[in-house]
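Peer 1: All I have is the shape, not the residue letters:
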Ligand code: GLU
């Protein structure tokens, strides 16, 4: 077996010059005071072996990483959502851009930009009896962890400045692509973004995508093999903002980032890797996190290409 601990120790040394660089997501007041010199990385193999380095015990706001989870709930039993309400192409625009949405009649380019995630949340809101409770229950079930929770301080902090998300959802409502009340959709979206995890918990939560749709711990199927493939494909092509080509080029794995500084990446059939460092590059991806993943697939020789 590869010496993953040795590999991530070496990466930790090499990314040191990047720590403290980049900008934290200060447009959300509750995230503005995060320490950009923090860094954690966890690698989890499908047999449960786990390797970690850095601030592995720290919990952080998963933010857009949650978009993969809401999408999973929505396409679990049907492909219709991605045929009718949301596209599958990289946007080539910032994650919270309004411009393309009007040109394209309120149909978001993909489910991982904010407009796409808001439509996904709207669909989830329609599907669940109690969206707040049922989404959390879903996340707790797939991660086998009942402690996972929303952070209401972060969700209300984001709501207090969420004018752009409100614009996106209102614009889509005007195009008849939002079924539920806009305030409810926004509230549900801010809640899902505010969920906190540490890197190991992220690996636990996402390893059903590494394991072709099945939870490796319980053997329970979360989603079909085909849909796990499609979610991974969307992560590769749309998961890291408007830098997705650069990340695919450098890292070569399906990945989803969030403005909290976390990134999850999948080596299908082999391992799940999560990194966290709150200093973001200009496109919104964790600066040290992307570098760490780039070094990881180079040293472990395990990109999908
Ligand atoms: N809640 C954040 C927002 O809507 C998520 C952004 C992100 O992580 O990409 O701005």
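Peer 2: Yes, it's here. Remember, predicted model here, so these are calculated numbers, not experimental data.

Peer 1: Now residue 222: closest residue in space that isn't a chain neighbour?
Peer 2: residue 208 (4.3 Å; CB to CB, 6 or more residues apart in numbering). Glycine gets a C-beta too; all of them are placed from N, C-alpha and C.

Peer 1: Correct me if wrong: that neighbour contacts residue 223.
Peer 2: Yes. When contacts are counted by CB atoms under 8 Å, residue 208 is listed as touching residue 223 (6.9 Å).

Peer 1: For these two, work out which one has more neighbours and name it.
Peer 2: Neighbours per residue, other CB atoms under 10 Å: of residue 208 and residue 223, the larger number sits with residue 208, 25 against 21.

Peer 1: element containing the more buried one, please.
Peer 2: helix 199-210 (DSSP states H and E).

Peer 1: Which other helices and strands does that helix contact?
Peer 2: Packing partners of helix 199-210 (3 or more CB pairs under 8 Å, 6 or more residues apart in numbering; DSSP states H and E): strand 40-45, strand 50-54, helix 66-75, helix 131-143, helix 225-238, strand 262-267, strand 271-276.

Peer 1: could you redo the last one with a cut-off of 7 Å?
Peer 2: strand 40-45, strand 50-54, helix 131-143, helix 225-238, strand 262-267, strand 271-276 (3 or more CB pairs under 7 Å, 6 or more residues apart in numbering; DSSP states H and E).

Peer 1: can I get these in a markdown table with mean neighbour count and distance to residue 214?
Peer 2: Shown next, in a markdown table, are the helices and strands packed on helix 199-210 (neighbours: other CB atoms under 10 Å; distance: least, CB to CB, whole Å):
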| stretch | mean neighbour count | distance to residue 214 |
| --- | --- | --- |
| strand 40-45 | 25 | 15 |
| strand 50-54 | 20 | 19 |
| helix 131-143 | 18 | 11 |
| helix 225-238 | 19 | 8 |
| strand 262-267 | 28 | 14 |
| strand 271-276 | 29 | 13 |
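
Peer 1: for these, which one sits closest to residue 186?
Peer 2: Smallest distance to residue 186 across those (CB to CB): 12.1 Å, for helix 131-143.

Peer 1: residue contacts, residue 177?
Peer 2: 85, 106, 107, 119 (CB atoms under 7 Å, 6 or more residues apart in numbering).

Peer 1: among those, which are in helices?
Peer 2: residue 119 (DSSP state H).

Peer 1: can you pick the most crowded of the contacts of residue 177?
Peer 2: residue 119 (25 neighbours).

Peer 1: returning to that earlier point: from the contacts of residue 177, which is closest to residue 229?
Peer 2: Nearest member of the contacts of residue 177 to residue 229, counting by CB to CB, is residue 85, at 20.6 Å.

Peer 1: what about the closest residue to the closest one other than its chain neighbours, distance to the ligand?
Peer 2: Nearest non-adjacent residue to residue 85, counting by CB to CB, 6+ apart: residue 119, 5.3 Å away. Residue 119 sits 13 Å away from the ligand, taking CB to the nearest ligand atom, to the nearest Å as the criterion.

Peer 1: again, but for residue 198
Peer 2: From residue 198 across to the ligand, the span is 17 Å (CB to the nearest ligand atom).
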